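Asks: What would the 3D arrangement of this be:
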Amino acid sequence: MRASEQATLALDYTDLAKEIDLPQKDSPDQNAILNAVKNWLEQNRKWLLIFDNVQEPDVVKRFLPQCEGGHVIITSRNPNWGSVANRREVEVFKPKEAVEFILKRTSQNDKSSAKSLAEETGHLPLALEQAGAYIEETGISLSDYLIRYEKHRKTALERGKPADYPDTVATTWEMSFQAVKEKSPASADFLNACAFLAPDDIPKSLILGDSKDLPEPLASFTADEFAFDGIVAELRRYSLISGTGNKFSVHQLVQAVTRDRLTEDEQKKWSAVSVQLLNSAFQFDQDDMKSWEDCAPLLPHALASAGFAEELGIFLETVAEILNNVGRYQLHLVDFDEARKCLERALKIDEKVFGIEHHRVAALANNLGMVLKDLGETERPESASRGRSRSMKRSSGSSTPAWPEMLTTSAGCCKIWGRGKRPENASNDHTEYFSNSLEIVTLQLEE
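Replies: Next up, the predicted model:
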């Protein structure tokens, strides 16, 4: 029975009187018919009622038979059912299930494209059913649909009518977005900010407390834990976020559709909010063990927020700061390859923003040199410039407390290697980075 609205549910419920041929089936009194159907259900056995897409428990309470002769299934995005019903969460497909489903749904055998599509949709059953319906309607291949999806995700999520379900993914979530925005603008803002983070295990502590990086009305709500609980409850009611305790998750497709709904200026606004939150929270100090613990759950969100901001071309100085901190953290986790990627991205940004003689470039060159030394690289990174040290000029940049440490590290390595004690796995790349760092620092200290 259609149960999103009480009016349509009442109509479908009274139609049961005709199905079971009750005497009251033609009564002009709708309540009389409803009571007759409910009484019949309470007096008979082996029946199944399905209430589909219920928004609130109160919508179905009056229709539920008080007996144990049959079974009731209620489908809802709202997880709050209390004593009305036992809740069982329907999970997304497991990776293998998702691939098997889309191959069977399309009668195709392209496992590689099926796997990629399953990953792109976050293994969401409705999205995969919609993709299957579109492929069936148009006769295109899985690989062709995947190309369309990757290039035009927003359009793809609006096309293809799922079998036995009235709405597409885009339509389903658009209705939820609109309902949330009408009831709680702060909840809608909160979802916008989360759309520019990694999808899983978002710490509540990232949002709560310090609201200086948040716009109103969201800032006021996050300053009060009870008000913040209300924001979360509103989004949980429509299954736009999940999770309990001190962290929550937003499905990657919910994030994608949320971003797609925003104008370019709105995307920049909420990407800026997220990247500033992470820059404040992800502060790695190798000598402070608490910072190691604090940074661990924030790592995927730092990378995600920096990636979105870099793609949008906003807050690049902040992006470089995050990438430098992440790179240093990964260096001390002995994840040298990932550390190198982050530091090279940060160095490229800072060289463009500040010029190659700036103290921030010196710090990054120093950090990247340490990573390359540990990697023992023999190939020059794409971002390296052999002419960097030759083109150094005096800078009037301000001093930084990190310079003495950089100077010691850079000078020490160059001095040792200059005496013939250079490690066997050392390459010219990291020597150049240390030398460049040393030259920049020396020039600025002379100012």
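
Asks: buried residues in the helix or strand where D294 lies?
Replies: Using DSSP states H and E, D294 sits within helix 289-295. Buried residues in helix 289-295, counted by 16 or more other Cβ atoms under 10 Å: 291, 294-295. C-betas here are computed from N, CA, C, even on glycine.

Asks: Show me which of these is closest to N39.
Replies: Of all the buried residues of helix 289-295, D294 has the smallest distance to N39: 60.4 Å, by Cβ to Cβ.

Asks: For that closest one, list the residues it contacts.
Replies: Going by Cβ atoms under 8 Å, 6 or more residues apart in numbering, D294 touches 281, 283.

Asks: T318 versus that one, what's the distance?
Replies: Distance of D294 to T318, given as Cβ to Cβ, to the nearest Å: 18 Å.

Asks: re earlier: looking at the buried residues of helix 289-295, which is nearest L278?
Replies: Of these, the one sitting nearest to L278 (Cβ to Cβ) turns out to be C295, at 10.4 Å.

Asks: Next up, the contacts around that closest one.
Replies: Here C295 is in contact with 282-284, 302, 325, 329 (Cβ under 8 Å, 6+ apart).

Asks: so what's the backbone phi/psi at N80?
Replies: Phi and psi for N80, reported as degrees, to the nearest 10, are phi -100, psi 90.

Asks: my guess is it meets Y238, correct?
Replies: No. Using Cβ atoms under 8 Å as the test, N80 is too far from Y238 to be in contact (11.1 Å).

Asks: Of the two, which one has the most company?
Replies: Y238 (23 against 12; other Cβ atoms under 10 Å).

Asks: roughly how far apart are that one and Q255?
Replies: For Y238, the distance to Q255 - Cβ to Cβ - is 15 Å.

Asks: likewise K38?
Replies: Here the criterion is Cβ to Cβ. By it, K38 lies 42 Å from Q255.

Asks: can you check R345 too?
Replies: Separation of R345 from Q255 (Cβ to Cβ) stands at 22 Å.

Asks: For A17, give me the pLDDT.
Replies: For A17, the pLDDT comes out at 92.

Asks: what's around it, how many residues?
Replies: Neighbours around A17, by other Cβ under 10 Å: 20.

Asks: Contact partners for it?
Replies: So A17 contacts 24-25, 33, 36-37 (Cβ under 8 Å, 6+ apart).

Asks: Could you say which helix or strand holds it?
Replies: For A17, the host element (DSSP H and E) is helix 6-19.

Asks: Quick check: of the buried residues of helix 289-295, which lies closest to Y13?
Replies: Nearest to Y13 among the buried residues of helix 289-295, counting by Cβ to Cβ, is D294 at 53.5 Å.

Asks: circling back: and of the contacts of C295, the nearest to P166?
Replies: Sorting the contacts of C295 by distance to P166 puts A302 at the head of the list, at 39.8 Å, by Cβ to Cβ.

Asks: what separates that closest one from S113, distance-wise?
Replies: From A302 over to S113 (counting by Cβ to Cβ), the distance is 32 Å.

Asks: Which one's more surrounded, the two?
Replies: A302 (26 against 21).

Asks: any idea which helix or strand carries the more buried one?
Replies: helix 299-312.

Asks: If you count contacts, what does that helix end up packed against?
Replies: Contacts defined by 3 or more Cβ pairs under 8 Å, 6 or more residues apart in numbering; DSSP states H and E place helix 299-312 against helix 264-281, helix 316-332, helix 336-354.

Asks: Comparing the ones you listed, which comes out most buried?
Replies: Mean neighbours per residue, mean count of other Cβ atoms under 10 Å, is largest over the helices and strands packed on helix 299-312 for helix 316-332, with a mean of 22.

Asks: Tell me the gap between it and the middle of its chain.
Replies: 19 Å (Cα atoms, centre = their mean, to the nearest Å).

Asks: could I have that helix exported to CSV, CA atoms only?
Replies: The C-alpha trace of helix 316-332 is given here as CSV (Å, rounded to 0.1, in the frame of the first residue of the first chain):
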residue,chain,number,x,y,z
LEU,A,316,44.7,27.3,-2.5
GLU,A,317,46.9,28.5,0.3
THR,A,318,44.8,26.6,2.8
VAL,A,319,44.8,23.5,0.5
ALA,A,320,48.6,23.6,0.4
GLU,A,321,48.7,23.8,4.2
ILE,A,322,46.5,20.8,4.6
LEU,A,323,48.5,18.8,2.0
ASN,A,324,51.7,19.7,3.7
ASN,A,325,50.4,18.6,7.1
VAL,A,326,49.0,15.4,5.6
GLY,A,327,52.3,14.7,3.8
ARG,A,328,54.3,15.1,7.0
TYR,A,329,51.8,12.8,8.8
GLN,A,330,52.1,10.2,6.1
LEU,A,331,55.9,10.5,6.1
HIS,A,332,55.9,9.6,9.8
